[in-house]
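Colleague: Requesting a structural model of the entry that follows:
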Amino acid sequence: MRAMNVIIEYEIENIHCKKCAKKIELALKYTAGIETSEVNFVDKQVKVKIDPFQITSSKIKMMLIALGFSAMIL
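Modeller: Here you go, the predicted structure:
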């Protein structure tokens, strides 16, 4: 039996605009294991719903850092 999807939230201190949010949204949209994502540049947060059998929270954090953003799991 598979576990249910997990929701993880990240604080992204250096997200400043809609362009930054779009960059993150596009990267997450095409990542296996991420079911949904919400980027809120005003609150400087990203919320993702993942399949924990396909991707880990630390892999997403590494992706966000590779895109040029700070990322801290809330």
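Colleague: ok, which stretches of the protein are strands?
Modeller: 6-11, 34-40, 45-50, 72-73 (DSSP state E).
Colleague: would a markdown table of those with distance to residue 21 be doable?
Modeller: Heads up, the C-betas are built off the backbone N, CA and C, glycines and all. Formatted as a markdown table, those follow (distance: least, Cβ to Cβ, whole Å):
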| stretch | distance to residue 21 |
| --- | --- |
| strand 6-11 | 13 |
| strand 34-40 | 4 |
| strand 45-50 | 9 |
| strand 72-73 | 17 |
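Colleague: Could you identify which of those is most buried?
Modeller: Comparing those by mean neighbour count (mean count of other Cβ atoms under 10 Å), strand 45-50 ranks first with a mean of 19.
Colleague: Partner strands of it, with direction?
Modeller: Strand 45-50 pairs in its sheet with strand 6-11 (antiparallel), strand 34-40 (antiparallel), by DSSP bridges.
Colleague: Using CSV, write down the CA coordinates of the first one.
Modeller: In other words, strand 6-11. This file holds the C-alpha atoms of strand 6-11, laid out as CSV (Å, rounded to 0.1, in the frame of the first residue of the first chain):
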residue,chain,number,x,y,z
VAL,A,6,2.9,14.8,1.4
ILE,A,7,2.7,18.6,1.5
ILE,A,8,6.0,20.5,2.2
GLU,A,9,6.4,24.3,2.5
TYR,A,10,9.6,26.2,1.9
GLU,A,11,10.6,29.7,2.8
